[in-house]
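Enquirer: need the 3D shape of this:
(3 chains)
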Amino acid sequence: MNNNFLNIGILTWMTFIPVVGMIAVLLVPKEQKTTIRWISLGATIVQLIFSVIIYTNFDRSLAGVNNAATMQFVERYSWIDIKSVEWFGRIHIEYFLGIDGISVPMVLLTALISFVAVLSSWSIEKSIKGYFALLLLLDTGMMGVFVSLDFFLFYVFWEIMLLPMYFLIGIWGGPRREYAAIKFFIYTLFGSVLMLLVLIALYFSVSIPDASTGELVHTFDMIAMMNPANYEANSLLFGLNTSWRYIAYVGLFIGFAIKVPIFPFHTWLPDAHVEAPTAISVILAGVLLKMGTYGLMRVAMPIFPDAAIYYLYPLAFLGFINIVYGALCAMAQTDFKKLIAYSSVSHMGIVLLGMAALNTQGMIGAMFQMFNHGTITAMLFLIVGVIYDRTHTRGLNDFGGLMNQMPKYSAIMVIAFFAALGLPGLSGFVSEVFSFLGAFQTFRWITIASTLGIVLTAGYMLWTLQRVFLGELPEKWKSLTDINNRELIMLVPLAIIVILLGVYPTPILDLMNASANELVDFIKGENNLTILGQ
Amino acid sequence: MLEQVYNSLQFIKPELILVGTLLVSIIVDLIFKNKKVVVAFVILGLVLSFYYLTFLNSINQLIFFNMYAIDPFAYFFKIFLLVATIGIVLFSVLSKEISDLKSREGEFYYFLVALTIGMFLMTSSTNLIMMYLAIELTSLTSYMLAGFMKEEKSSSEASLKYVLYGAFSSGMMLYGISIIYGLTGSFDLLAINMAIADGVSSLALLISTVLMFVGFGYKISAVPFHFWTPDVYEGSPISVTTILSVASKAAGFSMLMRTAKIMFIDPYAAPTVNDWQIIDSVPIVEILTILSVLTMTLGNLVAIWQSNLKRLLAYSSIAHAGYLLLGVLTMNNEGYSATLIYFVTYLFMNVGAFLIVMLVSNKLNSSDIDSYKGLGMKSPFIGVMFALFLISLTGLPPTAGFVGKLYIFAALVNKKLILLAVIGVLNSVVSLYYYVRIFRNMFLRESDIETPEIKLSLAEKLLILVFAIPTIGLGLYFAPLVEFAHASVEIFSGN
Amino acid sequence: MLNLYDYIFYFFAIVILGSSFVVVFSRNIVHSAFALLFTFFGVAGFYVLLSADFLAITQLLVYVGGILVLLLFGVMLTNNIVNVEIKSGTMQTLPASLIAALIAGLLCGIFYVSNWYLVPTTPELLNNTTAVAIGYAFITTWILPFEVASVVLLVAMIGAVIIARREKAPEVE
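Expert: The predicted model follows:
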């Protein structure tokens, strides 16, 4: 397996290619707008090519999760190593990258969405240099989160994303962009400082013997944190089912929940989505939200399996609230983007529900839903962007009868909407079925109640289609042009993926099967508990 | 006896050189019309002092009859102070406020040297009389520096306020010192420590401790002794504001830390690896906790409402004093070294931020937050650099400020002071809000009036980079800094 | 039982307190300055009582003979200062005096309840003059503070000159 390129690991390439692109963009004079666009596109295309290499070389049989040996494309170097003093142990922070079935779909998704986002930013004119530089920096942050296995590194990438996002919304956003941007920033920082405290507590609780000398070294290695044997006796997080562990889990959970966003931390999302420019909405919905659920799967649940089990019911219940509440809110919206924003809340609820099921179907459903939601919602936001570019309005009630005016556009939009509402044959259906099937085994009533959300989703999605496409075409939209080629280039691949995975989901399911099984077994096995309802 | 005096002299070469520089500069200032000659002499003296200081890195000795400690802890702070002072001297050379002083410009620079002498003495003194003299020397020079632009009303006002608060707190401190002498019969910190451990009247001890902390609290501008800070920071020349917010605060902290450690640790308790045994009768940790929580919370909350950047940074520096106190109150090596680490990161980011404010006010004659509107778009270099310093002040990775905060919070969590750690991190979320207001004005808003693009000279750009590179570099690789800080508090572990 | 020393102590204490009240509350600055004379004098008396002969003489020479005279010169040579209302208005009198009283009470309280460190009084200590010992201490044990004090004074002096100096009028083109 060739995971090096010019002696630098492929994951490093994946992560830092955008930074190289960013530097290149900064060096180009700002008048040469086309060059800047092409450099950015080039960086994301290279990233996409690397992700294809990863996809083809990824060994589907290795599980990863809590086992460093079965992580793939691993790169592990010492980053900061501070020798111990009498009263303070050695500090060792590693540059530790690796991926398994949980992260691979996310890595692919990030590369894909970044590419699409750059394409959809083609029409940006305002301070184009700064825009693409920040976009590429954001790309690095996202990719870094999905590939790092050292918690410190993870945290650094997690925070690196905040600032570009703030500026991207704040400078290039809609009328209330200042408010939306600061709200996003403060919410996320609030979550991440709690995460920081848990990170520190974990660091002091976990130690592993050094490979060469055998001295015990505190570590930020996430995989070591998953092994209860590595916890020092009498340390804060030692043992299982202690109240400190529960508190720490809640701390992490809030940090991730704000990103997902889970009710009641969701209020930043509609604002951010509505004000953000199209490409940023695409990234926000396509990748950023996934970081929350990814964090739960990668960090919170495996490190605190006891607490994860303890809080299983609340988690499922929050999933239920997200599904139904998100759908109800979406129904009440007349702003196209807000509608999709709330539908995201609803769809991320399905991920939570599937995760909480804690069985293979549920977990696979959740992971697959993350991928699918990424592609489908990206499409939805692009679709809004296309129509907004032409009409400069997002009010659903302003439209009507577009079906005949913009036939190609309508076809794409119908695919996306049907995928979002879970029509069989499209990818959304597969993941939702898996999630609900899994959840049904564990939480019968919550799942049944949650299916209400599906009905509501179908309701508002169809209603939206009707409002936009059917009926009388208003006079002022008579001259609307249909979707152009650049827009097709970004939408069609996504549509193909949505259809393909709906008919034949194996290519992605294959990637995560082993890891999902391992994750579930690990969390359950750690506790020797019989799961409720089984 | 004279032999000891003679032997001691070799350890205070850096101080002697500074005093020499002061005297020579006074004469040079009288002779030469061109004040840049004084600047050259001052820089030469500071660099020479730095050179001799580096020979003292592993010395650990009490000199001048236990009055003065030459140890790694003092070494750390002296290096810090010299770096800061040299930085400020270069900084002042670029400042329009200072070059506008014309004939008095030379005086400004040798007062900076006098200030450095005072701060050096503060870091090393182990005797209450020495400490008091050191504080007085620092304070007197600071009053002068704060009021240096005496044509400006705000500068004179700042100076006067500073004098009044300073006189008040130094009186309180002196009173506290006299009570301590009355209780223990000594001015020497170690002797006082032994006397306290043997038992003294606890109420009197408490009151004298509190009175002494008034003096320290004033120097580090901790709430509720911070009232002078915003006015003085706003009214003084920006270079003075910077040195007060960084160097003089560091000197105050070093004295506070040395006193807390030597006076209040039980000399009879078995030495432990990390945690120090505090003598039961002194609620030192409680006092520090109250100071710290008040300081950071109030500093951050009030900063939100400020519209003048100098004032905003003044309150932010109050809040930072609160974080630094968090490190002190853990009362162990780890917390102390965290404080040192934080100080180094704070030096670069805070001086950097003030430098930008100074350069902008050179050109726009305003430090008002509204005059920064649209600045980031018009002068991207300044905008990006300022953003970097502010991010670091907020404490986001991958900047130096994050490393400082990380170590402070790590020390708290390791001591299981979770509640304080939570208060600390929530405070940094609050601080984000007002730092972001500056970003917002720089990048998100258009300027209402036509402001010129700010063109920087090469020297100005270079000086900004001198502070910006460590701000990001220490965030990415902080091992040497941490090792230096660890080594510097080692002296405290055995004692 | 009060002995002679106590009577002398209380005499000086009353002198100090009484005169310092006048210093603070007098509306006329000349009166304040003269009252200060008695305060300094009373403190000198305390030093005598404590067998600190050198300090007592220094107090008289420096404070009464030097500083106070300088102060009076300053007052008298300044135009119109006698008529200037030097006291600013007092605000929040009640809370301020309550807090002051509380702190005063607390401080007085600790003087009663605490055990103070007492220097053993030997006849030798009482009868010998202190000037020699002080001089000796200044160039041995206390040499560092002594020298530092000189730097402090130098800086204070230059600082005072800088503040007091009249600036040249801005050059006209």
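Enquirer: in three-state terms, label residue B:65 for me.
Expert: coil (DSSP: H, G, I helix; E, B strand; the rest coil).
Enquirer: what distance do you get for it to chain A?
Expert: 30 Å (CB to the nearest CB, to the nearest Å). (Glycine included, C-beta is placed from N, CA and C.)
Enquirer: also residue B:128?
Expert: For residue B:128, the distance to chain A - CB to the nearest CB - is 29 Å.
Enquirer: give the contact list for that residue.
Expert: Under the criterion of CB atoms under 8 Å, 6 or more residues apart in numbering or on different chains, the neighbours of residue B:128 are B:177, B:180-181, B:187-189, B:192.
Enquirer: let's go with 6 Å and repeat that
Expert: B:177, B:187 (CB atoms under 6 Å, 6 or more residues apart in numbering or on different chains).
Enquirer: and it, how far from chain C?
Expert: 10 Å.
Enquirer: likewise residue B:489?
Expert: Applying CB to the nearest CB, the value for residue B:489 to chain C is 25 Å.
Enquirer: over to that residue. Which of the three states is it?
Expert: Strictly by three-state DSSP, residue B:489 counts as helix.
Enquirer: pLDDT score for it?
Expert: On pLDDT, residue B:489 comes in at 85.
Enquirer: gap between the closest residue to chain A within chain C and residue B:45?
Expert: Ranking the residues of chain C by distance to chain A (CB to the nearest CB) places residue C:144 first, at 32.0 Å. Noted for residue C:144: a distance of 21 Å to residue B:45, by CB to CB, to the nearest Å.
Enquirer: for residue A:234, same thing?
Expert: 53 Å.
Enquirer: so these two - more neighbours on which side?
Expert: Comparing residue A:234 with residue B:45 by other CB atoms under 10 Å in any protein chain shown, the one with more neighbours is residue B:45, at 21 against 8.
Enquirer: contact partners for that one?
Expert: Counted by CB under 6 Å, 6+ apart, residue B:45 has contacts residue B:21.
Enquirer: how about it, secondary structure?
Expert: Going by three-state DSSP: residue B:45 is helix.
Enquirer: state the pLDDT value of it.
Expert: pLDDT, read off for residue B:45, is 94.
Enquirer: pLDDT score for residue A:305?
Expert: Taking residue A:305 on its own, its pLDDT is 88.
Enquirer: how many residues are close by residue B:64?
Expert: 27.
Enquirer: quick one: it from residue B:173, how far?
Expert: 22 Å.
Enquirer: again, but for residue A:453
Expert: 67 Å.
Enquirer: next: residue A:374.
Expert: 62 Å.
Enquirer: also residue A:120?
Expert: Taken as CB to CB, the span from residue A:120 to residue B:173 is 65 Å.
Enquirer: enumerate every residue touching residue 353.
Expert: Looking at chain A here, since you left the chain open. Taking CB under 6 Å, 6+ apart as the test, what residue A:353 contacts is A:316, A:319, A:435, A:439, A:450.
Enquirer: correction: the question concerned chain B.
Expert: residue B:389.
Enquirer: among the contacts of residue A:353, name the buried ones.
Expert: A:316, A:319, A:435, A:439, A:450 (16 or more other CB atoms under 10 Å in any protein chain shown).
Enquirer: for residue B:265, phi and psi?
Expert: phi -100, psi 130 (degrees, to the nearest 10).
Enquirer: excluding covalently adjacent residues, which one is nearest to it?
Expert: residue B:276 (4.9 Å; CB to CB, 6 or more residues apart in numbering or on different chains).
Enquirer: tally of neighbours for that neighbour?
Expert: Other residues close to residue B:276 by other CB under 10 Å number 21.
Enquirer: pull out the buried residues from whichever strand or helix holds residue B:470.
Expert: Using DSSP states H and E, residue B:470 sits in helix B:458-476. Within helix B:458-476, the residues that count as buried by 16+ other CB under 10 Å are B:460, B:463-464, B:466-468, B:470-471, B:474-475.
Enquirer: so which of the residues you listed comes closest to residue B:343?
Expert: residue B:474 (11.9 Å; CB to CB).
Enquirer: next one: the closest one from chain A, what distance?
Expert: 11 Å.
Enquirer: that residue contacts residue B:399, correct?
Expert: No. Contact criterion CB atoms under 6 Å: residue B:474 and residue B:399 do not qualify, at 8.0 Å.
Enquirer: may I have the phi/psi pair for the residue of the stretch 1-150 of chain A found nearest chain B?
Expert: Minimum separation of the stretch 1-150 of chain A from chain B (CB to the nearest CB) falls at residue A:87, amounting to 4.1 Å. Torsion angles at residue A:87 (phi, psi; degrees, to the nearest 10) stand at phi -110, psi 0.
Enquirer: okay, now it: neighbour count?
Expert: Residue A:87 has 18 nearby residues by other CB under 10 Å.
Enquirer: leaving out sequence neighbours, find the closest residue to it.
Expert: residue B:274 (4.1 Å).
Enquirer: what does residue C:146 give?
Expert: Nearest to residue C:146 is residue C:138, by CB to CB, 6+ apart, at 4.8 Å.
Enquirer: tell me how far the helix or strand of chain C with the lowest mean pLDDT is from the chain's mean position?
Expert: One helix or strand of chain C scores below all others by mean pLDDT, DSSP states H and E: helix C:123-127, with a mean of 73. Relative to its chain's centre, helix C:123-127 lies at 27 Å (CA atoms, centre = their mean, to the nearest Å).
Enquirer: again, but for stretch B:372-392
Expert: 25 Å.
Enquirer: what about it and chain A, any contact?
Expert: No. Applying CB under 6 Å from any CB of the partner chain, one finds stretch B:372-392 separated from chain A by no less than 6.5 Å.
Enquirer: residues touching residue 19, list them.
Expert: This is for chain A. residue A:140.
Enquirer: my question was about chain C, not that one.
Expert: Taking CB under 6 Å, 6+ apart as the test, what residue C:19 contacts is C:35, C:38-39.
Enquirer: among the residues you listed, who's most crowded?
Expert: Most surrounded of the contacts of residue C:19: other CB under 10 Å gives residue C:39, at 21 neighbours.
Enquirer: quick one: residue B:311 and residue B:434, what's the gap?
Expert: 11 Å.
Enquirer: now residue A:516
Expert: Relative to residue B:434, and taking CB to CB, residue A:516 is found at 45 Å.
Enquirer: go on, residue A:271?
Expert: In terms of CB to CB, residue A:271 sits 21 Å off from residue B:434.
Enquirer: wait, doesn't residue A:361 sit right on residue A:439?
Expert: No. Between residue A:361 and residue A:439 there is no contact under CB under 6 Å: 8.6 Å.
Enquirer: got any residues that touch both of these two?
Expert: Common neighbours of residue A:361 and residue A:439 (CB under 6 Å, 6+ apart) do not exist.
Enquirer: for residue A:265, pull up the helix or strand it's in.
Expert: Using DSSP H and E, no helix or strand contains residue A:265.
Enquirer: can you count the residues close to it?
Expert: So residue A:265, with other CB under 10 Å, has 21 neighbours.
Enquirer: again, but for the one 10 residues further on
Expert: Residues within reach of residue A:275, counting by other CB under 10 Å, total 24.
Enquirer: tell me the contacts of it?
Expert: By CB under 6 Å, 6+ apart, the neighbours of residue A:275 are A:169, A:173-174, A:176-177, A:180.
Enquirer: tabulate those residues (a markdown table), appending secondary structure.
Expert: Listed next are those as a markdown table, based on three-state DSSP:
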| residue | secondary structure |
| --- | --- |
| A:169 | helix |
| A:173 | coil |
| A:174 | coil |
| A:176 | coil |
| A:177 | helix |
| A:180 | helix |
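Enquirer: could those residues be laid out in TSV, adding distance to chain B and neighbour count?
Expert: Formatted as TSV, the contacts of residue A:275 follow (distance: CB to the nearest CB, whole Å; neighbours: other CB atoms under 10 Å in any protein chain shown):
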residue	distance to chain B	neighbour count
A:169	10	29
A:173	9	23
A:174	12	15
A:176	12	12
A:177	7	21
A:180	11	24
